[in-house]
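> fold the following and give me the result.
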Amino acid sequence: MRIAVGADHAGVDLKEAVVDWLVDQGYDVHDVGTFDHESVDYPDYAVKVAQAVAQGEATFGFLFCGTGLGMCITANKVPGVRAVTCHEPMSARLARAHNDANVLTMGGRLVAPGLALDVIGHFLGEDFSGGRHAGRVDKIVEVERRGGSS
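Below is the predicted model of the structure:
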């Protein structure tokens, strides 16, 4: 499984810890940067990861900025992406099981590496439940297709 990861300067340390863990777990990681603490704009990295997921170049994406929120907002602008910000395991599991989330964002200023790895482990360990949730995800996709109009 290929996973795309990206971060801005506020999330780079958390990204590096996650990349090391993912590689140790045997995942194929595509790291789009950034690679240092020099100030950068988070949307640039969110789009790279979101496009990789939307185009099927990666199964999942992980994005890290100060809060995870700006990355989430930006990633969700890319059609085919269902990004969520999760800072604890239960929401990560349910985002996969109920919403078929394919991008996870986190705040490097809010989440310690150990907790982040726990959250990511739950996200990766959960499959989409389908069933009644499939119809709801289909409605999300339809809203996206219509550009938000009714």
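> the helix or strand harbouring M106 pairs with which strands, parallel or anti?
For M106, the host element (DSSP states H and E) is strand 103-107. Strands flanking strand 103-107 in the sheet, each with its direction: strand 60-65 (parallel), strand 83-85 (parallel) (DSSP bridges).
> hmm, who's touching it?
10-11, 14, 49-50, 53, 60-69, 71-72, 75, 81-87, 92, 95, 116, 119-120, 123 (CB atoms under 8 Å, 6 or more residues apart in numbering). Any C-beta I mention is one placed from the backbone N, CA and C, and that applies to glycine too.
> and stretch 95-105, average pLDDT?
Stretch 95-105 shows an average pLDDT of 98 in the prediction.
> for it, measure first residue to last.
Stretch 95-105 stretches 12 Å from its first residue to its last (CA to CA, to the nearest Å).
> and it, how far out from the chain middle?
8 Å (CA atoms, centre = their mean, to the nearest Å).
> now do stretch 104-114
12 Å.
> can you measure across that stretch, start residue to end residue?
Note: stretch 104-114 ends 16 Å apart using CA to CA.
> and it, which residues are buried?
L104, T105, M106, G107, G108, L110, V111 (16 or more other CB atoms under 10 Å).
> repeat for stretch 113-132
Result for stretch 113-132 [16+ other CB under 10 Å]: buried residues A116, L117, V119, I120, H122, F123, L124, E126, F128.
> would you say the last one is within a strand?
Which is F128. No. The assignment for F128 by DSSP: H, G, I helix; E, B strand; the rest coil gives coil, which leaves it out of any strand.
> how much space between it and V19?
25 Å (CB to CB, to the nearest Å).
> and if you look at the fourth one?
When CB to CB is the yardstick, I120 and V19 sit 11 Å from each other.
> okay, F123: pLDDT?
The per-residue pLDDT of F123 was computed as 98.
> what does the one 3 residues further on give?
You'll see E126 listed with a pLDDT of 96.
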